[in-house]
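> Fold the following and give me the result.
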Amino acid sequence: MSWIQNSLGSERILLQPLQAEDFSVVYALASDPLVWEQHPNKNRYQQQEFNNYFEGALKSGGAYRILEKNLGLTMGCTRYYDYDESDKSVLIGYTFIGRSFWGKGYNQELKQLMVEHAFQFVNIIRFHIGATNFRSQRSIERFGAIKTGELEVAYYGEPAKKNFIYELRNPIQR
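Reported below is the predicted structural model:
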């Protein structure tokens, strides 16, 4: 799993491995209730709830701070998780981007960066998206992912909530 949590970059995005000292700058974006409005865990804007999210991110070994490369501004957080060597799969998720970056193509660019990197090592990328997170569902469908099922998902330290499973398959099997 050495390929996970390498620094990655695209035209406008830089992904840097998440560090404990990133908490305040990442929480400054996460403290906006509208960021979590459609998420199954709507209270992540509260510091106690976000502390749990951030702890899980650090423990995952696959979390990144998202930066706008040209401006040097923190945009949010994302991660690879649940790598499965047996079926060569990984999940991408726990992603949020601050509202000032919405509607500017950053989310699609972020997904493209992470998917291209992961497909060098895996055959399947999955996404767990909350059943009420319609923005993320539309976004991942526009990206080409296919809904393959439903699942109760217990995010790190949080109660289980209904999620949809989306999947992308590597056109070049490894």
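> need the helices for the chain, in chain order.
23-30, 47-60, 106-118, 134-142 (DSSP state H).
> Which one of those helices lies nearest to residue 125?
For residue 125, the closest of the helices of the chain is helix 106-118, at 5.5 Å, according to C-beta to C-beta. Any C-beta I mention is one placed from the backbone N, CA and C, and that applies to glycine too.
> circling back to that earlier point, take the helices of the chain and write them to JSON lines, including distance to residue 76 and mean neighbour count.
JSON lines is the format used below for the helices of the chain (distance: least, C-beta to C-beta, whole Å; neighbours: other C-beta atoms under 10 Å):
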{"stretch": "helix 23-30", "distance to residue 76": "6", "mean neighbour count": "17"}
{"stretch": "helix 47-60", "distance to residue 76": "11", "mean neighbour count": "16"}
{"stretch": "helix 106-118", "distance to residue 76": "9", "mean neighbour count": "19"}
{"stretch": "helix 134-142", "distance to residue 76": "13", "mean neighbour count": "16"}
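> got CSV for these, with mean pLDDT too?
Below are those laid out as CSV (pLDDT from 0 to 100):
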stretch, mean pLDDT
helix 23-30, 97
helix 47-60, 95
helix 106-118, 96
helix 134-142, 93
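> Can you add distance to residue 95 and give those helices back as CSV?
Shown next, in CSV, are the helices of the chain (distance: least, C-beta to C-beta, whole Å):
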stretch, distance to residue 95
helix 23-30, 11
helix 47-60, 11
helix 106-118, 7
helix 134-142, 8
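> Looking at the ones you listed, which is nearest to residue 158?
helix 47-60 (6.8 Å).
> so for the biggest strand by length in the chain, what's the average pLDDT?
Looking across the chain with DSSP state E, the single longest strand is strand 73-84. Averaged across strand 73-84, pLDDT comes to 96.
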